[in-house]
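# Predicted model and sequence below, questions to follow.
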Amino acid sequence: MKNQKVLTLTEARKNIFSLADSAQKNNVHYTLTDRGKPKAVLLSIEKFDSFFQKNNAGFSMVRDGGAAYPQQVQVRTLIVRDESKVIYMPESNWDAAKKGEELIRAQLYVNLIEKYQYPLHLVEFGRYVKVGHAKSKRYIEADIIINDEAGNARMILEVGNFEEFEENRDRIVADLFDLARAVTCVKKPNFLVYFSRSCKGGQVKDKIAVIDYTKFNTFQSWKKAKRPSTEEIPKYNL
């Protein structure tokens, strides 16, 4: 593609609406980078459509009440939906795609809105948070943060690989505690959530660890209490 511009993810987040408008009107696309590495591309829907028509990889887009593009053939399996698009792929590609943590994160995002009734504007997706002391250069990407109307983080969620859920539990929960401490402002979060999902053989299985952050301020205090957690994500009413 021509007319490429390169921006950091941080810059893009600050100007996402103007960038989207520019991509639509000025026939440009933006490569978004994180620590110098390309992570995503922002482009107009016209370019997106053109790309998939020329490079059909088994995906198809559905919009306008379900009308599909011409290349769609016997699409069966829902992959991920956000507030603006639905993406499907054939069953033949499902086994390879379902393993990714990005897919798990997207499905959790949808569940939070549809099953747990969280308002869309309170669900924050993928925030990089500086953790540690004042001069620390360590950042952790919070997969999902649930905020209250005042902007306080009330619940932080991280996803992981289903098969390695137990093996990675302490590492990811430690990150959750670091994130909670870093985002605490007027109020501290209520809950920390470690989540994963498997969809093998058409059967959906979830692994969930919900930690009450009001009872444990540090990872060490939680660990000393023998790692207590529940398996039910709180519904909206924080």
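All right, it came through fine.

# going forward, measure contacts between C-alpha atoms and count neighbours the same way
Noted.

# Put the alpha carbons of stretch 124-144 into CSV.
This file holds the C-alpha atoms of stretch 124-144, laid out as CSV (Å, rounded to 0.1, in the frame of the first residue of the first chain):
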residue,chain,number,x,y,z
GLU,A,124,-11.2,-0.3,28.3
PHE,A,125,-9.3,-2.6,25.9
GLY,A,126,-5.5,-2.9,26.0
ARG,A,127,-4.0,-0.1,28.1
TYR,A,128,-0.2,0.1,28.6
VAL,A,129,0.5,0.9,32.3
LYS,A,130,3.8,1.9,33.8
VAL,A,131,4.4,-0.2,36.9
GLY,A,132,7.0,-0.1,39.7
HIS,A,133,8.9,2.9,41.2
ALA,A,134,8.9,6.4,39.8
LYS,A,135,11.9,5.8,37.6
SER,A,136,10.8,2.4,36.4
LYS,A,137,10.8,1.7,32.7
ARG,A,138,8.6,-1.4,33.0
TYR,A,139,5.2,-1.4,31.3
ILE,A,140,2.5,-4.0,31.4
GLU,A,141,-0.4,-4.2,28.9
ALA,A,142,-3.6,-4.5,30.8
ASP,A,143,-5.8,-6.7,28.6
ILE,A,144,-9.1,-5.2,29.9
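
# what's the spacing between it and its chain's center?
Stretch 124-144 has its C-alpha centroid displaced from the chain centroid by 14 Å (C-alpha atoms, centre = their mean, to the nearest Å).

# Give me the buried positions along it.
Neighbour counts using 16 or more other C-alpha atoms under 10 Å place Glu124, Phe125, Val129, Lys130, Val131, Ala142, Asp143, Ile144 of stretch 124-144 among the buried residues.

# One more: stretch 177-191?
In stretch 177-191, counting by 16+ other C-alpha under 10 Å, buried: Phe177, Asp178, Leu179, Ala180, Arg181, Val183, Lys188, Pro189, Asn190, Phe191.

# Go ahead and list the helix or strand containing the residue nearest to Arg169 when sequence neighbours are not counted.
What sits nearest to Arg169 in space, not counting adjacent residues and going by C-alpha to C-alpha, 6 or more residues apart in numbering, is Tyr194, at 7.8 Å. Tyr194 belongs to strand 191-198 when elements are defined using DSSP states H and E.

# how close does the residue nearest to Arg169 get to Lys235?
Computed as C-alpha to C-alpha, to the nearest Å, the Tyr194 to Lys235 distance reads 16 Å.

# of these two, who's got more company?
Between Tyr194 and Lys235, counting by other C-alpha atoms under 10 Å, Tyr194 is the more crowded of the two (22 against 12).

# isn't that one right next to Asn161, touching?
No: with contact defined as C-alpha atoms under 8 Å, Tyr194 does not count as touching Asn161 (10.5 Å).

# Got phi/psi on the residue nearest to the spatial centre of the chain?
Ranked by distance to the mean C-alpha position of the chain (C-alpha atoms, centre = their mean), the top residue is Arg105 at 4.3 Å. Taking degrees, to the nearest 10, you get phi -60, psi -40 for the backbone angles of Arg105.

# same deal with Phe162?
The phi and psi values for Phe162, taken as degrees, to the nearest 10, are phi -60, psi -50.

# what's the burial count for it?
Other residues near Phe162 come to 21 when the count uses other C-alpha under 10 Å.

# Thank you, goodbye.
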